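Engineer: let's see this in three dimensions:
(chains A and B)
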Protein chains: 2
Amino acid sequence: MSMVEDLCRRAHAVRLAVQELNTETKNAALRNAADALEQHAGEILEANNADLVQARENGMKESMVDRLTLTKERIAQMAKGLRQVADLPDPVGEVLDDFTRPSGIRIRKVRFPFGVIGIIYESRPNVTADAFALTFKSGNAVVLKGGSDAICSNTAITKVLRDSLTASGVPADAVNLIESTDRKDTAEFLTMRDYVDVMIPRGSAGLIRMVVENSRIPVIETGSGNCHIYVDKDADLDKAIPIIINAKTQRTGVCNAAESLVVHRDIMDRFMPRFAEAMKEHHVRLHADDESRPFLPGAAPATEEDFAKEYLDLDLSVKTVGSVQEAIDHINRYHTQHSDCIITENKEVADLFLRLVDSACVYVNASTRFTDGFEFGFGAEIGISTQKLHARGPMGLKELTSYKYLITGDGQIRH
Amino acid sequence: MSMVEDLCRRAHAVRLAVQELNTETKNAALRNAADALEQHAGEILEANNADLVQARENGMKESMVDRLTLTKERIAQMAKGLRQVADLPDPVGEVLDDFTRPSGIRIRKVRFPFGVIGIIYESRPNVTADAFALTFKSGNAVVLKGGSDAICSNTAITKVLRDSLTASGVPADAVNLIESTDRKDTAEFLTMRDYVDVMIPRGSAGLIRMVVENSRIPVIETGSGNCHIYVDKDADLDKAIPIIINAKTQRTGVCNAAESLVVHRDIMDRFMPRFAEAMKEHHVRLHADDESRPFLPGAAPATEEDFAKEYLDLDLSVKTVGSVQEAIDHINRYHTQHSDCIITENKEVADLFLRLVDSACVYVNASTRFTDGFEFGFGAEIGISTQKLHARGPMGLKELTSYKYLITGDGQIRH
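Structural biologist: Numbers count the residues shown, from 1 in each chain, chains lettered A, B, ... in the order given. Down below sits the predicted model:
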């Protein structure tokens, strides 16, 4: 049996034991694991250093090296994350429905864990602890496959977590890491349908596409965000400008940042000067269509590619439209079904936009940056789903569960 | 552009128009379509006859020919099905959650259609009308790919439905049939990720496996059922025997029929004589393990294959166990996560079974035959999901929808 199959089988073998853990046991195990991460910070930092040496040898960009770097403070953050998840309500066992049929059978729909979750991710080693905490609290076993760059860090973190689980009297196989940098192992992981119930990729658009195209296991796509802000002709510019600045510039490397602006022709004269000034002040590079470019000194011409692009940087495309319908069509064509916003004081136009823009999160007069499990009050987030199956938008603990029907009778048969 | 891509694009182009139809318009269109099926019964029967001639020429088994055959009564049944769906509540627009965050943004989670659903099915032409009714009522456009054997029937039915939609003032592209018997077209259909949001296969285990293994579109697996009944040592045999007879023999060709019996060693002496007699009376062929076979005159030895088999016939495997835990392990090893049942008067044992058997529907003292959208009170059924993502168990109209978050503010930005 291969290493990958062995790990997946081990996770599968303990999935019901993990499901059966009561809330107190899970919370105690999470708090113990948090303490263990801090106690073993030295070993984790040493392992991380090995990754960093290798990364620099490979000529990794400094921004990527920063993502890979752990510090004592970052380990304390990871530990804090585990303690926060311990404080969240346990989703397992929630009764979603309970009814009795004319035949006398009682049907309860009850929240249960998936069983085994697979997570494939890239550089940041803190994902190892985060993903463990969320899958464990939601009653699942997890098999992790992190990025090659972080192999030593991930191995060290997983060892601390597993040893801590054992000390807490919980099966260590609740968390498993595929300790490999071989792509063949990732490919095999995606075929482990008999043992893994759902696969969640976290990372770049390329990683997600690879998983979607190759997985035999059902996938929850956590996606890239080409988020749009549409400034309607009935927009209040005192709302529009701060929202655009916030959505574009507060953090540029995140999936809920704005990448595209759409503006109604009739408001250009009033809007464009304030917009141009704000963007200049925040060093945003504009990629504008022919109609808007004359208002925007220094803007580059927008290409078809610009409209579809997730820049993840201080860039913004600009498109002019003549109606809200044209704005909706443009957005539905180029967006990634993540988060899109309209700025308008016209309730009818806002309602049309809310209904017809086909995204996980559709906004009126608020920044797309709110698309986030914490901002939504979920207390945690494993990612933002941009697909429509199972979960859409921010995914917290509940979204890491399924349900089953429990049917009780006293001898009923079907007629 | 290929024919398949053209159809999928057309469905995609009207998906928001279908989503926007109000309940009255959808219901009227469904009732008009029901009338149209009855009015055009002659054309449909003629087309069906062409399929039947071809099927007999190809040497199709008579049981399969029966599935393929339409009659005036069966067309009336199809029409009745459409009218029943018209009478069901509309799931679209249901507010699933509504809350305001400290920042002042209001977040509503609202039920919306998927958009475009793909359905791949086999012989029965009535699925064409059923699948249209359920996807249409839930606000979706649909692209259908039926079995080659039913190509003329499906084409005729779809033409009647499309003409009727046009007459009702609804886009005909809400329902589309891939009029092809070429497997290459099915393969292409499974790649239409840009236009189709979810793919639902209905039919044999082989068809479902093919779709799961090849689809680039998220799949909801509607599955085969190797359903188990476990007779515990604390079983009431007056409940056990009728439930086993019902689950095994009421209809054998359905996915919620029992295929496997598991029995506790301690109850064999009391149970086996009554069980053997009942099975003999109902002409059930038994495939029994070594321990139970001496009690069952004429039983064949059970092989590993028997335990895993969905017979869909008057066959039943029999396995002896020494504890409820052993029963659970056996069931979780061989079942298809569809429906499994325990017969017991012991509440603690029943609760353990309910929690640890990893199936969509877990029963205590009732027939597995109740796993059905109508029996559950959903009023309709597109299939029984045996996967854990999105929907589990019987799928009605709600299970054919997704949701999105509508967020409204008055200028909020993230800090």
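Engineer: rounded mean pLDDT for stretch A:286-301, please.
Structural biologist: Computed over stretch A:286-301, the mean pLDDT rounds to 97.
Engineer: all the strands of the stretch 251-400 of chain A, residue numbers only.
Structural biologist: Secondary structure of the stretch 251-400 of chain A by DSSP state E, counting those that start in this stretch: the strands cover A:258-264, A:285-288, A:300-301, A:315-321, A:339-343, A:361-366, A:383-385, A:393-395.
Engineer: deepest of these, which one?
Structural biologist: Ranked by mean neighbour count under mean count of other C-beta atoms under 10 Å in any protein chain shown, the strands of the stretch 251-400 of chain A are led by strand A:339-343, which reaches a mean of 31. The way it works is simple: take the backbone N, C-alpha and C, and place the C-beta from them, glycine included.
Engineer: between the strands of the stretch 251-400 of chain A, which gets nearest to A:Arg67?
Structural biologist: Distance to A:Arg67, taken as C-beta to C-beta, is lowest for strand A:383-385 among these, at 16.4 Å.
Engineer: tell me the domain ranges of chain A?
Structural biologist: Taking automatic domain parsing as the domain assignment, the ranges for chain A are A:3-222+A:390-408, A:227-370.
Engineer: I'd like the ones you listed as CSV, with distance to B:Ile241 appended.
Structural biologist: As requested, the domains of chain A are exported to CSV (distance: least, C-beta to C-beta, whole Å):
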stretch, distance to B:Ile241
domain A:3-222+A:390-408, 18
domain A:227-370, 51
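Engineer: any figure for the gap between A:Asn22 and A:Asp90?
Structural biologist: Counting by C-beta to C-beta, to the nearest Å, the separation of A:Asn22 from A:Asp90 is 8 Å.
Engineer: could you do A:Glu5 as well?
Structural biologist: Counting by C-beta to C-beta, the gap between A:Glu5 and A:Asp90 amounts to 31 Å.
Engineer: what residues does the stretch 51-200 of chain A put near chain B?
Structural biologist: Counting by C-beta under 8 Å from any C-beta of the partner chain, the stretch 51-200 of chain A comes close to chain B at A:Phe99, A:Arg101, A:Ser103, A:Ile105, A:Ile107, A:Phe114, A:Gly115, A:Asp197, A:Val198.
Engineer: redo those residues as JSON lines? Include distance to B:Ser164.
Structural biologist: As requested, these are exported to JSON lines (distance: C-beta to C-beta, whole Å):
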{"residue": "A:Phe99", "distance to B:Ser164": "35"}
{"residue": "A:Arg101", "distance to B:Ser164": "34"}
{"residue": "A:Ser103", "distance to B:Ser164": "36"}
{"residue": "A:Ile105", "distance to B:Ser164": "38"}
{"residue": "A:Ile107", "distance to B:Ser164": "36"}
{"residue": "A:Phe114", "distance to B:Ser164": "42"}
{"residue": "A:Gly115", "distance to B:Ser164": "45"}
{"residue": "A:Asp197", "distance to B:Ser164": "41"}
{"residue": "A:Val198", "distance to B:Ser164": "40"}
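Engineer: and the residues you listed, which two are furthest apart?
Structural biologist: Checking those with C-beta to C-beta, the most distant pair is A:Ser103 and A:Val198, at 33.3 Å.
Engineer: same drill for those two, tell me which one is more crowded.
Structural biologist: A:Val198 (22 against 14; other C-beta atoms under 10 Å in any protein chain shown).
Engineer: what's that one in contact with, if anything?
Structural biologist: Going by C-beta atoms under 8 Å, 6 or more residues apart in numbering or on different chains, A:Val198 touches A:Phe114, A:Ile117, A:Gly118, A:Ile217, A:Pro218, A:Val219, A:Ile220, B:Lys388, B:Leu389.
Engineer: the first one - nearest residue in space that isn't next to it in sequence?
Structural biologist: So that's A:Phe114. Spatially, and ignoring its direct neighbours in sequence, A:Phe114 is nearest to A:Asp197 (4.3 Å; C-beta to C-beta, 6 or more residues apart in numbering or on different chains).
Engineer: circling back to that earlier point, so for A:Asn22 and A:Asp90, which sits in the more crowded spot?
Structural biologist: Neighbours were counted for A:Asn22 and for A:Asp90 using other C-beta under 10 Å; A:Asp90 has more, 17 against 11.
Engineer: pretty sure that one is in contact with A:Leu30, am I right?
Structural biologist: No: applying C-beta atoms under 8 Å, one finds A:Asp90 not in contact with A:Leu30, separated by 11.1 Å.
Engineer: please enumerate the shared neighbours of these two.
Structural biologist: Residues touching both A:Asp90 and A:Leu30 by C-beta under 8 Å, 6+ apart: A:Lys137.
Engineer: quick check, the residue nearest to A:Phe114 in contact with A:Gly139.
Structural biologist: No: contact status for A:Asp197 versus A:Gly139: not in contact, 11.8 Å apart, counting by C-beta under 8 Å.
Engineer: quick one: which of the two has more around it?
Structural biologist: For the pair A:Asp197 and A:Gly139, the greater number of neighbours falls to A:Gly139 (27 against 23), based on other C-beta under 10 Å.
Engineer: would you check how far apart the more buried one and chain B are?
Structural biologist: Distance, A:Gly139 to chain B, using C-beta to the nearest C-beta, to the nearest Å: 11 Å.
Engineer: what do you get for A:Thr23?
Structural biologist: Distance, A:Thr23 to chain B, using C-beta to the nearest C-beta: 15 Å.
Engineer: what sits against that residue?
Structural biologist: Contact analysis of A:Thr23 by C-beta under 8 Å, 6+ apart lists A:Asp90.
Engineer: what count of nearby residues applies to A:Ser224?
Structural biologist: Neighbour tally, A:Ser224, other C-beta under 10 Å: 21.
Engineer: nearest residue to it other than its sequence neighbours?
Structural biologist: Counting by C-beta to C-beta, 6+ apart, the residue nearest A:Ser224 is A:Ala205, at 4.5 Å.
Engineer: next, count neighbours for the one you found.
Structural biologist: Residues contacting A:Ala205 under the criterion other C-beta under 10 Å number 15.
Engineer: and A:Val127, what element?
Structural biologist: helix A:126-137 (DSSP states H and E).
Engineer: now for that helix, which elements pack on it?
Structural biologist: Identification of packing neighbours for helix A:126-137 by 3 or more C-beta pairs under 8 Å, 6 or more residues apart in numbering or on different chains; DSSP states H and E yields helix A:23-39, helix A:72-87, strand A:116-121, strand A:141-145, helix A:151-167, strand A:175-177.
Engineer: ok, and what's touching the following helix or strand past the shortest one?
Structural biologist: Stepping forward along the backbone from strand A:175-177, the first helix or strand reached (DSSP H and E) is helix A:183-189. By C-beta under 8 Å, 6+ apart, the residues outside helix A:183-189 that reach it are A:Ser2, A:Met3, A:Val4, A:Glu5, A:Cys8, A:Gly118, A:Ile120, A:Val143, A:Lys145, A:Ile178, A:Val196, A:Asn214.
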